[in-house]
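Visitor: here are the coordinates; sequence isn't available:
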C-alpha cells in the first residue's frame, strides 16, 4: 500500500474510533466530556488541598432548602461522608423510574446502607408514583432528571427539549422541595445544542461507564455479571429499576462490590468537592 493508501486507512480508523467514543450519541454529535475524577481533582487542587471535603448524598440547588456545603442537606445518609480521593468509589444510578419495583429496591439499599442517584422519568413514572419520589428523597438518595417522556433530545426541537427537562424539574421541586442538578439524556444522546440548553436550565449531564443492558434481559445473574465485569474505580453504573430482572440482581452486585473494596456512592459524592456544572457532560 502506498503512502496515500496508508493515510486514507488511518483516517478511516480514526473516524471509526471517534464514532465508538461518541457511542450512542451518534457519529455526527460533538461535545466535550469531563470525568468525575477529573472534576474532583481539579476542584480539590483549586481549594488548595489534595482530598475533597466530605460529601453528602442529598444534593440540592442553592435556595431549595439546602443548608450544607455545595448545597448539600445537613441530613446525613446511612453511608455518611465519603472521600472518593481516598476510598475506592463507584456511583450507582437507576434510570426511568420510579416504578412498582422501586419499593423493593429502596428496601435493599436501606438494608445495605447505600445511596444511589435516581434519574427519574416524568410521564407514567413521577406522575404515577409521587409517594415514591418523596420516599427516594426522604431516604437520602440523589434526585435527578431523565426527561419527561424519554424523547431523544438531539432529534427534538429546542423548545421541546426545554419542556422535557423543566417539567421534571418542576414536578420534583413540587413533590420534594428539591430541584435536581443532574440530568441524563435518553440513550446518552447529547450534543452542543442540548448542552447549551442544559446550561441555561442549570443542569449538568451525566453518562455512564457500566451498563448491564438490563433492557435486553431479565436474567438477574447475567445482569450481575455484566456489572461486575465492567466496574472500575470512579465509574458510574447504569441500571433501570423498571425491569423485572434488575432489582433482584442488586443484592449480589452490592455484596461483591463490597468484597472488592468498593464504596458505593451517588454521582455528586463521586465528584465532590466539585459541584456539577450546568451544561457540562460528565462521563468516566
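Guide: Thanks, I have the structure now. What you are looking at is a predicted structure, and each value in this text was computed from that prediction instead of being measured. Numbering: from 1, shown residues only.
Visitor: gap between the helix or strand hosting residue 135 and the chain center?
Guide: Using DSSP states H and E, residue 135 sits within helix 130-138. A distance of 18 Å separates the centroid of the chain from that of helix 130-138, by C-alpha atoms, centre = their mean, to the nearest Å.
Visitor: thought residue 89 was touching residue 270?
Guide: Yes - counting by C-beta atoms under 8 Å, residue 270 is a contact partner of residue 89 at 5.5 Å. Using the backbone N, CA and C atoms, a C-beta is placed for each residue, glycine as well.
Visitor: packing partners for the helix or strand following the helix holding residue 135?
Guide: Toward the C-terminus, helix 130-138 is succeeded by strand 142-145 as the next helix or strand (DSSP H and E). Using 3 or more C-beta pairs under 8 Å, 6 or more residues apart in numbering; DSSP states H and E as the contact criterion, the elements in contact with strand 142-145 are strand 117-120, helix 130-138, helix 158-176, strand 182-183, helix 267-271.
Visitor: and the angle from the second one to helix 158-176?
Guide: To tie it back to what came earlier, the one meant is helix 130-138. Helix 130-138 and helix 158-176 are oriented at 80 degrees to each other (axes from the mean of the first three to the mean of the last three C-alpha atoms, to 10 degrees).
Visitor: now the helix holding residue 135: buried residues?
Guide: 132-133, 135-137 (16 or more other C-beta atoms under 10 Å).
Visitor: before we move on, what about stretch 31-42?
Guide: Of the residues in stretch 31-42, 31, 33-37, 39-40 count as buried by neighbour count, 16+ other C-beta under 10 Å.
Visitor: now do the helix holding residue 135: everything it contacts.
Guide: Defining contact as C-beta atoms under 8 Å, 6 or more residues apart in numbering, one finds that helix 130-138 is touched by 58, 97-98, 102-103, 106, 118, 120, 126, 143, 171-172, 175-176, 178.
Visitor: of those residues, closest to residue 154?
Guide: Checking these against residue 154 by C-beta to C-beta gives residue 120 as the nearest, at 20.8 Å.
Visitor: which residues does the closest one bridge with?
Guide: Judged by DSSP bridges, the bridge partners of residue 120 are residue 145.
Visitor: so what's it up against?
Guide: Residue 120 makes contact with 96-98, 126, 133, 136, 143-146, 168, 172, according to C-beta under 8 Å, 6+ apart.
Visitor: okay, now the unreliable bits of the protein?
Guide: 1-30, 48-80 (pLDDT under 70).
Visitor: so which residue is dead centre in it?
Guide: Geometric centre of the chain, nearest residue: residue 206, 4.7 Å, by C-alpha atoms, centre = their mean.
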